[in-house]
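K.L.:
sequence and computational prediction follow.
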Amino acid sequence: MSHRFCVAPMMDRTDRHERYFLRTLSKEMLLYTEMIHANAVIHGNKDNLLKYHASEHPLAIQLGGSNADDLLEASLIAEGKGFDEINLNVGCPSPRVQSGSFGAVLMKQPYLVRDCLKLLVENTNIPVTVKCRIGVDEMDEDKDLDNFVTTVKDSGCKTFIIHARKAWLKGLSPKDNREIPPLNYERVYRLKDSFPDLEIIINGGIETTNDALEHLKFVDGVMVGRSAYDNPYPLVNVDKEIYSRSKLIPTRAEVLEGLVPYMENEIKNGNKLGYLTKHLMGLFKNTKHAKKARYTLANIDDDIYPMEKLKLLINETKELC
Ligand SMILES: Cc1cc2nc3c(=O)[nH]c(=O)nc-3n(C[C@H](O)[C@H](O)[C@H](O)COP(=O)(O)O)c2cc1C
C-alpha cells in the first residue's frame, strides 16, 4: 500500500459511493473514509457505517476521538472489517469536534496523541497514521510542530499526513480554516528533512497531477481533497503519471457506463439514485457541457422508476461526453 497519492477524508463527500466512483478512475491511489467517531464505530450500526465495496481497497478508515481505549476498540473492529489503515484525525477544527476534545485541538496535547497511537500501533496489525495541521492558534509552526512530531512518533506511528496550514480554533469556520490560514508547503518539506525516517504526506491546495509530482520531489506522498471531489476526471491519469503503471485511460462516457451495474445493484437494494449521482456532478468540469451535465444529474425526476431513470440519465449524460 502506497501513500504516494491519497484522496482526503471528507465528511459528507467520501462516502462509499464516492469512493467506489473514485476507484474506477485509479486503481492505485489510497482512499480514506469520512471521519467516523470511535464511539459511533463501537455503538453504531457497524454494518451500515463501515460498509464498503471490495473494489475500494486500498482503503483507510479515519477515526475521530481522544479516548485511547475507545480508539483501540474501534480500530480492532475496523481491522476486522478489512480496512487497510487506521488514521487518527488531529486536524478538524469544527466547534462540535473541539467540544468533544478531538480533532485539531489534540495538536495541543501531543502526549495524549502519542499514547492513543501507541496503543493502536501495538495492538493492531495494520498501519496506524495521523493527519494533522502545521499548528493551531498561537503554536509556533517551526518549533511546536517539531515538538509535536518528536513526541508523537514515539508511539511508533511512522506516517504523518500534514495539512500545510494552521487552524484557528476560535473565530474561523471549518470552511474558512481550509482557505484563510496561508499554505506553507516549505514547512512540510522541512519536516521531511528533519525526520527523514518518517513518511510525510503533504495536503492542502493540490490540484493537478503536475502539482503532485512537484511535491513528490520533497515529500513521500500527496493527499488531495476538494479538487478530487470537484473535478474528479483528471484522476484517470494518476496510475500512469504518479505510479508509472501502463493503463488505458477511460473516456467520461466509459466511466459512466462502468458505474451502471453498481448503481443498478444499489437501487435494487433500496438506495436512492440521487445519493449516487450527487458525486458525479464534477465529472464534466472544464468541458463545454459541464452546466448541462450538472443540471441533468441534479434534476432527477423522482416520479420515474429508478432503473428507467438511470438509463435515461446515463444516455443523456453520455451524449454530452
Ligand atoms: C467537505 C469537507 C469535509 C472534510 N472532512 C474531513 C474529515 O472528515 N476529516 C479530515 O481529516 N479532514 C476533512 N476535511 C479536510 C480535508 O481532508 C483536507 O485536509 C482539506 O480539504 C485540504 O485539502 P484540499 O485543499 O486538497 O481540499 C474536509 C474537507 C472538506 C472540504
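P.N.:
Perfect, thanks for sending it.

K.L.:
ok, residues contacting the helix or strand encompassing residue 257?
P.N.:
Using DSSP states H and E, residue 257 falls within helix 252-268. Applying Cβ atoms under 8 Å, 6 or more residues apart in numbering, the external contacts of helix 252-268 come out as 17, 20-21, 24-25, 53, 233, 236, 250, 273, 275-276, 280, 283-284, 287, 306-307, 310, 314, 317-318, 321. C-beta here means a position set from N, CA and C on the backbone, and glycine is covered the same way.

K.L.:
now residue 170: which helix or strand?
P.N.:
Counting by DSSP H and E, residue 170 is found in no helix or strand.

K.L.:
okay, now the closest residue to it other than its chain neighbours: neighbour count?
P.N.:
The shortest distance from residue 170 to any non-neighbouring residue, by Cβ to Cβ, 6 or more residues apart in numbering, is to residue 137 (7.7 Å). Here the number of neighbours of residue 137 (other Cβ atoms under 10 Å) works out to 15.

K.L.:
ok, residue 137 - contacts?
P.N.:
108, 166, 167, 168, 169, 170.

K.L.:
so the first one makes contact with residue 136?
P.N.:
Yes. Residue 108 sits in contact with residue 136 when judged by Cβ atoms under 8 Å, with a separation of 6.6 Å.

K.L.:
surely residue 146 meets residue 198?
P.N.:
No. With contact defined as Cβ under 8 Å, residue 146 does not count as touching residue 198 (11.7 Å).

K.L.:
which residue, other than its chain neighbours, is closest to residue 37?
P.N.:
residue 64 (4.6 Å).

K.L.:
with residue 246 instead?
P.N.:
residue 240 is the one closest to residue 246 (Cβ to Cβ, 6+ apart), at 7.0 Å.

K.L.:
now do residue 208
P.N.:
With sequence-adjacent residues excluded and distances taken as Cβ to Cβ, 6+ apart, residue 208 is closest to residue 234, at 6.6 Å.

K.L.:
how deep is that neighbour tucked in, by neighbour count?
P.N.:
Other residues lying near residue 234 total 18 when counted by other Cβ under 10 Å.

K.L.:
ok, now residue 197?
P.N.:
For residue 197, the count of nearby residues is 6 (other Cβ under 10 Å).

K.L.:
tell me how far it lies from residue 153.
P.N.:
Going from residue 197 to residue 153 by Cβ to Cβ, to the nearest Å gives 8 Å.

K.L.:
enumerate every residue touching the residue of the chain at minimum distance from the ligand.
P.N.:
Of all residues in the chain, residue 225 sits closest to the ligand, at 2.7 Å by Cβ to the nearest ligand atom. By Cβ under 8 Å, 6+ apart, residue 225 lies in contact with 7, 8, 10, 203.
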